[in-house]
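1. my questions concern the predicted model and sequence given below.
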Amino acid sequence: MTILAYIVGGLAVLSGFGVIASSRTIYSALSLVANMICLAVLFLLLNAQFLAAVQVIIYAGAVMVLFVFIIALLSPGTGTDLETQVRSTPRFALGIVAVAYIGVQVASLATNNITYNRDTHELRGVSVSRAADPRDTHSFSFTVDDVNQHGNVQTVGGELFTTFLLPFEITSLLLFVAAVGAVYLTRRPETPR
Amino acid sequence: MLDIEVFPVLLTVSAVLFALGALGVLVRHNPLVVFMSIELMLNAVNLAFITFGRFLNSEDGQVFAFMVIVVAAAEVVVGLALITQVYRSGRELDVDELNEMRE
């Protein structure tokens, strides 16, 4: 399982690089699909089965199909995107800053030496009251029996509809506004301007 | 299931993906690729949320990741609608050229 996490993590980084480095837009979209599927596998390994399913259905399914349709509809300039980028120096400098940011992030994570004591449940000096036991397949704030009985989907759903009920309802409003906004934005003008 | 040593690695993957997304937003000219880079950043944040949620033994990370997915879906819908409108108005799809909303 650990080896699988390393492999899939590496694939996720590779496909993420493919998103920004592909010369054609459709290749970027396909790299993004690969990246999302890799992340779904990581979610499964992290015991987030519901999120893994949502990731595949909503992201790799719905959102990316939308992207591919728009790419097919607009078919924006093929291959000229990467050539023109070098000319604009401010963006190139910002790109170098972003790459430096990657370096700093990785270096700090590599040298941080995050320690976790299994006996005292200490994570880098911060006491974690109920840290997960990595050998336990179903270690959440719910008891193991609970999760075994109801499954991960039901525990997440219970949390979603009790503690986070108001934010959940607000997301429905957000989706409604987004749908109305998309219909309004893409409509054809009734009178030719 | 997962060894505890994997968690920093997953957080590193998340950080690298976020930085790659930020790089894509900064250097690419095609608004579609810029949107995909934003999706990449949101995905990276989701991975961090779920990793921390698993480590801290809490469902909250998963709930927040779910909210992020919903917001990302809404953002993509509106963003792609805007891109189609810009394309329909006959302008070139280049984020450097698109500096005003009106036609």
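-> Thanks, I have the structure now. As the structure is a computational prediction, the values presented were derived from the model and not from experiment. Residues are numbered from 1 along each chain as shown, chains lettered A, B, ... in the order given.
2. rest of the way, CA atoms for contacts and neighbours
-> Fine.
3. packing partners of the longest helix seen in chain B?
-> The single longest helix within chain B, with elements called by DSSP state H, is helix B:60-88. Counting contacts by 3 or more C-alpha pairs under 8 Å, 6 or more residues apart in numbering or on different chains; DSSP states H and E, helix B:60-88 packs against helix A:49-54, helix A:64-74, helix A:152-162, helix A:165-186, helix B:31-55.
4. what's the closest non-adjacent residue to the most centrally placed residue in chain B?
-> Residue closest to the mean C-alpha point of chain B, counted by C-alpha atoms, centre = their mean, is B:E39 at 2.5 Å. Leaving out its chain neighbours, the residue that sits closest to B:E39 by C-alpha to C-alpha, 6 or more residues apart in numbering or on different chains is B:A72, at 7.0 Å.
5. can you tell me how far A:P167 is from A:A60?
-> Here the criterion is C-alpha to C-alpha, to the nearest Å. By it, A:P167 lies 24 Å from A:A60.
6. neighbour count winner among the two?
-> A:A60 (21 against 15; other C-alpha atoms under 10 Å in any protein chain shown).
7. shouldn't that one be in contact with A:L39?
-> No - A:A60 is not in contact with A:L39 according to C-alpha atoms under 8 Å; the separation is 10.6 Å.
8. where does chain B have low pLDDT?
-> In the predicted model of chain B, residues B:1-2, B:101-103 satisfy pLDDT under 70.
9. looking at this, B:E97 is in a strand?
-> No - the assignment for B:E97 by DSSP: H, G, I helix; E, B strand; the rest coil gives coil, which leaves it out of any strand.
10. near it, how many other residues are there?
-> 10.
11. what does A:A107 give?
-> Neighbour number of A:A107 under other C-alpha under 10 Å is 12.
12. likewise for B:V76?
-> Look at B:V76: counted by other C-alpha under 10 Å, it has 22 neighbours.
13. show me what contacts it?
-> Going by C-alpha atoms under 8 Å, 6 or more residues apart in numbering or on different chains, B:V76 touches A:63, B:35.
14. one more pass at 6 Å, please.
-> B:V76 is in contact with no residue at all, counting by C-alpha atoms under 6 Å, 6 or more residues apart in numbering or on different chains.
15. gap between it and A:F164?
-> 24 Å.
16. kindly report the same for B:D3.
-> Noted for B:D3: a distance of 30 Å to A:F164, by C-alpha to C-alpha.
17. with B:A22 instead?
-> Look at B:A22 and A:F164: by C-alpha to C-alpha, they are 30 Å apart.
18. these two - which one has more neighbours?
-> B:A22 (23 against 15).
19. secondary structure element holding that one?
-> Assigned by DSSP states H and E, B:A22 falls within helix B:6-27.
20. elements contacting that helix?
-> If contacts are counted by 3 or more C-alpha pairs under 6 Å, 6 or more residues apart in numbering or on different chains; DSSP states H and E, helix B:6-27 sits against helix A:89-112, helix B:31-55.
21. give me that answer again for 8 Å
-> helix A:2-21, helix A:89-112, helix B:31-55.
22. if you count neighbours, what's buried in the second one?
-> To tie it back to what came earlier, the one meant is helix A:89-112. Within helix A:89-112, the residues that qualify as buried are A:91-92, A:95, A:98-99, A:101-102, A:105-106, A:109, counting by 16 or more other C-alpha atoms under 10 Å in any protein chain shown.
23. least trustworthy helix or strand in chain A by mean pLDDT?
-> When each helix and strand of chain A is scored by mean pLDDT, DSSP states H and E, strand A:126-127 comes last, with a mean of 40.
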